[in-house]
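Novice: When you get a sec, could you give me coordinates for this:
(chains A, B, C and D, ligands or ions: 4)
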Amino acid sequence: MSLSREDLIDSYRQMRTIRRFEERLVDLVTAGKLAGFLHLYAGQEAVAVGVCQHLDDRDIVNSNHRGHGHCIAKGVDVHGMMAELFGKSTGTCKGKGGSMHIADLERGMLGANGIVGAGIPLTAGAALTAQIKRTGGVAIGFFGDGATNEGAFHEALNMAAIWKLPAVFVCENNLYGEATPMEFVTPITDLANRAASYNMPGVIADGMNFFDVYAKSGEAIDRARRGDGPTLIECKTYRYMGHYVGDPLTYRRKEEAEEWRQNRDCLETFETEALEMGLIESDDLRQIDSDVEALLESAVVAAEAAPYPNPEDLLTDVYVSE
Amino acid sequence: MSLSREDLIDSYRQMRTIRRFEERLVDLVTAGKLAGFLHLYAGQEAVAVGVCQHLDDRDIVNSNHRGHGHCIAKGVDVHGMMAELFGKSTGTCKGKGGSMHIADLERGMLGANGIVGAGIPLTAGAALTAQIKRTGGVAIGFFGDGATNEGAFHEALNMAAIWKLPAVFVCENNLYGEATPMEFVTPITDLANRAASYNMPGVIADGMNFFDVYAKSGEAIDRARRGDGPTLIECKTYRYMGHYVGDPLTYRRKEEAEEWRQNRDCLETFETEALEMGLIESDDLRQIDSDVEALLESAVVAAEAAPYPNPEDLLTDVYVSE
Amino acid sequence: MSRKLSFAAAINEALFIAMEADPDVIVMGEDVAGGGGRAEQGIEDAWGGIMGVTRGLIKAFGPERVRDTPISETAILGAAVGAAATGLRPVAELMFMDFIGVSLDPLLNQAAKLRYMFGGKVRVPLTVRTSMGAGARAAAQHSQTLYGMTSSIPGLKTVCPSNPADAKGLLLASIRDDNPVIFCEQKTLMFMQGEVPEGDYEIPLGKAATVREGSDVSLIGVGRTVHTAVEAAIALEADGISAEVIDLRSLSPMDEEAILATLEKTGRLVVIDEATPRCGIASDVAALCVDRGFDFLNAPVKRVTAPHTPVPFSPVLEDIFLPTPERVIRAVRELL
Amino acid sequence: MSRKLSFAAAINEALFIAMEADPDVIVMGEDVAGGGGRAEQGIEDAWGGIMGVTRGLIKAFGPERVRDTPISETAILGAAVGAAATGLRPVAELMFMDFIGVSLDPLLNQAAKLRYMFGGKVRVPLTVRTSMGAGARAAAQHSQTLYGMTSSIPGLKTVCPSNPADAKGLLLASIRDDNPVIFCEQKTLMFMQGEVPEGDYEIPLGKAATVREGSDVSLIGVGRTVHTAVEAAIALEADGISAEVIDLRSLSPMDEEAILATLEKTGRLVVIDEATPRCGIASDVAALCVDRGFDFLNAPVKRVTAPHTPVPFSPVLEDIFLPTPERVIRAVRELL
Ligand SMILES: Cc1ncc(C[n+]2csc(CCOP(=O)(O)OP(=O)(O)O)c2C)c(N)n1
Ligand SMILES: Cc1ncc(C[n+]2csc(CCOP(=O)(O)OP(=O)(O)O)c2C)c(N)n1
Ligand SMILES: [Mg+2]
Ligand SMILES: [Mg+2]
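Specialist: Numbering: from 1, shown residues only, chains lettered A, B, ... in the order given. Ligands and ions are numbered 1, 2, ... in the order given. Purely as a prediction, here's the structure:
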């Protein structure tokens, strides 16, 4: 699976878009323009983009509360996402879902999910559809280290394994679940080892490195497409910002975050390695940077200008054909 | 942990009592004298008795839907149990609980449980009490192979491990969950390996051999009492009868059950090995056999003669101090 | 053309028809086949579900569409939701409704909410079949009536048939409904026989049925208590009291017009529900009467329900836990 | 002696008092300390719960009695039940009530039923603190009002305070009650200030409070909607309509006598509940009125609740999802 110039351009654009999308949200909240529970993905971009580079519209992605990155990586429209966060009728979900529930099935995005671990059985279900309807698609479930302590993780991985479902379970181990460090609640350090309980391959990837995530998830996705069953991939990563916008971050040392940013930032690693490959130049990347700024600026402007839902919308979309 | 003559006598009496208790129930149902969902323990006696021989009243046992054996092994009164199955006011639970809910906290029996896997977190909770109140006790949870696919199993073992709770989790792997063979729903054969997900020791014992269960559970219980944390013990065993009384047993070959009975029956293995040890003679055992018959006969007679609860009892025991 | 079938056989027939008609319909649950897959040993369909309701499906439609699952209710219902949202039409079995305790999230926070949260951009055509109710000596954790809980959740529909013909038609309608539907099967009714039309037919969700016409008092029942109400009505008739009996059939949506119509006709109403009394269907019916039906009321609205207790094991207690015709008759007398 | 405290601070004070007074009281939940245990890094009590309600407890009582748990609600509540049944008096936190979806079994089938199933031979002195309700822009899975669900379960008690003083007294009573109690904290009230008595006091479970005397109509509220009712009452007074406002405080057991007493006094009743309309507290109140309160009724009983929908994210929709004083006033006008 060698990466073309287009792949690299596209991957960088997405990672950059995610990073700046999240940073814009912080500004908007600070400016008092946004409400809601916002869990930002900044720092983990290489995971969502490294995995989703392998996917097309047959494939389904299911996400968790920290879902902006997965949505962007799977191709959900940034204008729609921004409008959704503003609760506007032009939002991806007409403003009814909000940050934790952005979904777009036309893009194969089965939704962020506010219930930790709850998306994992849904991922198995999407894979079941692919298997029975022979769509050739795979289902990817993204979740955190903390989610692996939920019963849903255990039940869904066991079911996926016994049925050889075309699924890949991507655990983003960012070392914390809210304010609680993983070592206080999980007696093992490599969550990939939990795959052994299901006789499933467990793989560890450097979640700060796009190329490593791309390579390892590629193998797992091929395996799933071949009908050889699911894989658990643990991506070691780190969230740069608080658990949610407003988190005092009193539970971890400033230096800890700084170290990750300085030495392992996924955008910088990508730039260095990508330039070395000689397929792209830094001008290409700077061009993308400004394209991204323009895109986000227009998204914010459009979202602010967009209309709110109508009162009648409160009562619609509860049932099909009310 | 060498076994005295008294230990051997006591262990045999309990195993024999369990076996005959269950066989009597089949007769009673056939005679149309008993109703309810009855899940019989015959075949698995070595597990309950091998483990509970190490316990005293400080220690708590939590059980599942197949709980008669655990109750008897933990010292619950057989008269009370039999009356409970008849729904009589003299039953262990005044006739309100029935087979799946026999409990007696004075004996440290925290109850059978009709919800598969649900007892496992309760076991962790009992161990938490022992740890915080420094009772010196341990908590034992008995559950089946099928229960290890419930989320509750995963969550409770993880919590017990991270908190080093004084608990021992005993999985009785009898190869089936209702009519479904384990290999259809569980991708691994040795469930003890699931302990690795929690950095917990996982041990396999021959669930048909009292002495093996006794030795291995003894180590785990000592470990728990020392404060070194929980252990998962998988006991390979087999249920002789149907999943419940009335099960057509259409899902397994007659010969399969026959083989287990012929070659691995826990009572026969016990007798052979115990006699070899030279501490007891077969007369001792035959004496126990007839004592057990007498005990069960009197239990049935008393249960049949006992009064039903009064209508007022329907409304009591919902809340403390109604 | 119709013939006598048991409640269980009627459901089984509906499943066959639905799976025949639509390849997207799959059946999944614990022991829905039972040893399903040991074909080489001639063991393919050992149980066909605890009540034999799914028997024969795996032979007819194969192990890909008829799946014995692990004992993992959260994964069963969660996967069914994910499958429904992506193109299948699953019929998942929750063996006993009491097990909603270990599998509520896929219903409460997923199936019921996806469409709304996604701005109407998804359908969740899921049916959950589940065995509920007291009377089988199954004790506190296998006898609950929890359809009030599922009815309380916006985004779900809940139905509870009282006879084989309705069971077949309501199940076919539930499976084809594009919304998640909880299909409740009262376990003591499963072997009841009744006339069941042949072939493919649906009974619309949300419509109650008048089981018996009457003019003095209205008796509203659900599932098993429809029969309790009819028994009471027959006894009352002997005393010259004419009772109308309504079978709600659907609990969400609930047929408010049918309830108001019978109340207008009789001015007196008793609702009989085997669920416990708090926050349930009986309260909803009474609340409807004292709101939109206020002008029709000639007497209090009485609720004959189970007491606010768990279900006791002892047969003598379980028999008085359930609503009896005698209690219904007593309630009616208080109104006249 | 009393002083102004926030709702959150009042709960925090109650927890301190309860843990001081009884060594068997423990607190467990996700991030109840937050990084609790990194004492060596000076990080012991980083969060003290999402709303800071448990802040300071770990410093005062240590990590053995104040436990940050894994994200495992079934294990949290299940272990709390097991601990309660064997001698501890746990206060477990379910961070958001919506998460009952992943942890219903320990409440529905264990805590609520153990005593009955065991023939009265066990006590389960468990308190579950949980944050509930809409208004915080938290969307469909973090905003639900599910106390109707817990109230429907025999064996559980459910309370929902509307002000800081009640929160403190009801929590102390809940912790000391020998039954499992679900303690609901409406999230938008957490920073509300109010006079709170100092020291140790309990407010009995099962007793409603009259917040405001009136003679023309009774307004029944719970938690946040008590304030909605009071706002409406003030506006109505300006128009010469005298509204009595009752704060239910306890939902199970529910103070039926207080409801009947105010109905007898006014003959007209509106119940305001931020929960969705089906199978909830509002229906129970209305059903009580049309049964035991029938002779007092001069008008229909109106229910002002949220609509039968999930909670929408968009602020403009969430604001109309919640009951407003205007809707209460409109309902009252229909009755006069
Ligand atoms: C069932 C459930 N429990 C608890 C929460 C509250 N909560 C939201 S995010 C979170 C931490 C999740 O940690 P992790 O899975 O590691 O994901 P991360 O936030 O680190 O990306 C918690 C506890 C929830 N939303 N759902
Ligand atoms: C949560 C839940 N799911 C399903 C059931 C129905 N059920 C009762 S026993 C049983 C099989 C349990 O298998 P296992 O754990 O291996 O125990 P065994 O019966 O073999 O002793 C099932 C599925 C239940 N009681 N509870
Ligand atoms: Mg994390
Ligand atoms: Mg088994």
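
Novice: Quick check: residue A:233 touching residue A:169?
Specialist: Yes. Under the criterion of CB atoms under 8 Å, residue A:233 makes contact with residue A:169 at 7.0 Å. Heads up, the C-betas are built off the backbone N, CA and C, glycines and all.

Novice: Quick check on the two: which one has the bigger neighbour count.
Specialist: More crowded of residue A:233 and residue A:169, by other CB atoms under 10 Å in any protein chain shown: residue A:169, with 31 against 28.

Novice: which parts of the stretch 51-200 of chain C sit against chain D?
Specialist: Applying CB under 8 Å from any CB of the partner chain, we find that the stretch 51-200 of chain C lies next to chain D at C:74, C:98, C:100-102, C:104-109, C:112-113, C:116-117, C:139-141, C:148-149, C:151-155.

Novice: so which of those are also by ligand 2?
Specialist: The subset of those within reach of ligand 2, by CB under 6 Å from any ligand atom, is residue C:102.

Novice: Of the residues of the stretch 51-200 of chain C next to chain D, which belong to helices?
Specialist: Among those, the members falling in helices are C:74, C:105, C:116, C:117, C:148, C:149, C:151 (criterion: DSSP state H).

Novice: Could I get the pLDDT score of the last one?
Specialist: To tie it back to what came earlier, the one meant is residue C:151. Reported pLDDT at residue C:151 in the predicted model: 98.

Novice: Give me the number of neighbouring residues for the residue nearest to it when sequence neighbours are not counted.
Specialist: Residue nearest to residue C:151 in three dimensions, not counting chain neighbours: residue C:252, with 4.0 Å by CB to CB, 6 or more residues apart in numbering or on different chains. Residue C:252 has 25 neighbours, counted by other CB under 10 Å.

Novice: surely residue C:276 meets residue C:308?
Specialist: Yes. Between residue C:276 and residue C:308 there is a contact at 5.4 Å, judged by CB under 8 Å.

Novice: residue contacts, the closest residue to chain B within the stretch 151-300 of chain C?
Specialist: Here the stretch 151-300 of chain C gets closest to chain B at one residue, residue C:276, 10.2 Å apart by CB to the nearest CB. Shown in contact with residue C:276 (CB atoms under 8 Å, 6 or more residues apart in numbering or on different chains): C:145, C:305, C:306, C:307, C:308, C:309, D:152, D:153, D:154.

Novice: Surely it is in a strand?
Specialist: No. Read with DSSP: H, G, I helix; E, B strand; the rest coil, residue C:276 is coil and lies in no strand.

Novice: Residue D:153 versus that one, what's the distance?
Specialist: 8 Å (CB to CB, to the nearest Å).

Novice: Give me the contact list for stretch C:249-261.
Specialist: Contacts of stretch C:249-261 (CB under 8 Å, 6+ apart): C:147-148, C:150-151, C:156-162, C:166, C:170, C:203, C:205-210, C:218, C:220, C:222, C:246, C:248, C:269, C:281, C:284-285, C:288-289, C:292-293, C:296, D:278.

Novice: 7 Å instead, please
Specialist: Outside stretch C:249-261, the residues that touch it by CB atoms under 7 Å, 6 or more residues apart in numbering or on different chains are C:147, C:151, C:156-161, C:166, C:170, C:205-209, C:220, C:222, C:246, C:248, C:281, C:284-285, C:288, C:292-293, D:278.

Novice: mind checking the SS state of the residue lying farthest from the centre of chain C?
Specialist: Centroid-distance maximum for chain C: residue C:40 at 36.9 Å, with CA atoms, centre = their mean. Secondary structure state of residue C:40, per three-state DSSP, is helix.

Novice: Helices of the stretch 1-150 of chain C, residue ranges please.
Specialist: Assigned by DSSP state H, counting those that start in this stretch, the helices in the stretch 1-150 of chain C fall at C:7-21, C:57-65, C:73-85, C:105, C:114-117, C:147-151.

Novice: Please see if the fourth one touches chain B.
Specialist: No. Counting by CB under 7 Å from any CB of the partner chain, no contacts exist between helix C:105 and chain B, the nearest distance being 10.1 Å.

Novice: and that helix, anywhere near chain A?
Specialist: Yes. With CB under 7 Å from any CB as the criterion, chain A is reached by helix C:105 at residue C:105.

Novice: hmm, who's touching that helix?
Specialist: Helix C:105 is contacted from outside by A:115, A:118, C:74, D:101, D:102, using CB under 7 Å, 6+ apart.

Novice: For ligand 3, give me its nearest residue in the stretch 151-300 of chain A.
Specialist: residue A:174 (4.3 Å; CB to the ion).

Novice: count of residues packed around that residue?
Specialist: Look at residue A:174: counted by other CB under 10 Å, it has 24 neighbours.

Novice: now it: how far from ligand 2?
Specialist: 32 Å (CB to the nearest ligand atom, to the nearest Å).

Novice: for residue C:303, same thing?
Specialist: 30 Å.

Novice: what's the nearest residue to that residue if we skip its chain neighbours?
Specialist: Per CB to CB, 6+ apart, closest to residue C:303 is residue C:282, 4.0 Å.

Novice: dump the residue contacts of that neighbour.
Specialist: Counting by CB under 7 Å, 6+ apart, the residues that residue C:282 touches are C:271, C:273, C:303, C:305.

Novice: What is the nearest of those to residue B:296?
Specialist: Residue B:296 lies nearest to residue C:305 out of these, by CB to CB, at 40.4 Å.

Novice: got the contact list for the closest one?
Specialist: Counted by CB under 7 Å, 6+ apart, residue C:305 has contacts C:273, C:275, C:276, C:277, C:282, C:323.

Novice: Residue B:270: which of those is nearest?
Specialist: Set against residue B:270, the nearest of these by CB to CB is residue C:276 (47.2 Å).

Novice: got a pLDDT number for that closest one?
Specialist: 98.

Novice: how far away is the residue in the stretch 51-200 of chain A positioned nearest to ligand 1 from ligand 3?
Specialist: Of the residues in the stretch 51-200 of chain A, the one nearest ligand 1 is residue A:144, at a distance of 2.3 Å by CB to the nearest ligand atom. Distance from residue A:144 to ligand 3, counting by CB to the ion, to the nearest Å: 4 Å.

Novice: what bridges to that residue?
Specialist: residue A:172 (DSSP bridges).

Novice: does residue C:43 really touch residue B:249, like I thought?
Specialist: No. Between residue C:43 and residue B:249 there is no contact under CB atoms under 7 Å: 10.6 Å.

Novice: Compare the two and say which one has the larger neighbour count.
Specialist: Neighbours were counted for residue C:43 and for residue B:249 using other CB under 10 Å; residue C:43 has more, 19 against 14.

Novice: partner residues bridging the more buried one?
Specialist: Listed beta-bridge partners, residue C:43: residue C:38 (assigned using DSSP bridges).

Novice: Would you check how far apart it and residue B:181 are?
Specialist: The value you get for residue C:43 to residue B:181, if CB to CB is used, is 9 Å.

Novice: what touches both of the two?
Specialist: Common contacts of residue C:43 and residue B:181, defined by CB under 7 Å, 6+ apart, comprise residue C:35.

Novice: count of residues packed around residue A:196?
Specialist: Using other CB under 10 Å: residue A:196 sits among 16 other residues.

Novice: Return the distance of it relative to residue A:270.
Specialist: Distance, residue A:196 to residue A:270, by CB to CB: 32 Å.

Novice: what do you get for residue C:60?
Specialist: Distance, residue C:60 to residue A:270, using CB to CB: 54 Å.

Novice: Residue C:199 now?
Specialist: Distance of residue C:199 to residue A:270, computed by CB to CB: 62 Å.

Novice: Which one of these two is surrounded by more residues?
Specialist: When residue C:199 and residue A:270 are compared for neighbours, residue A:270 comes out ahead with 24 against 9, by other CB under 10 Å.
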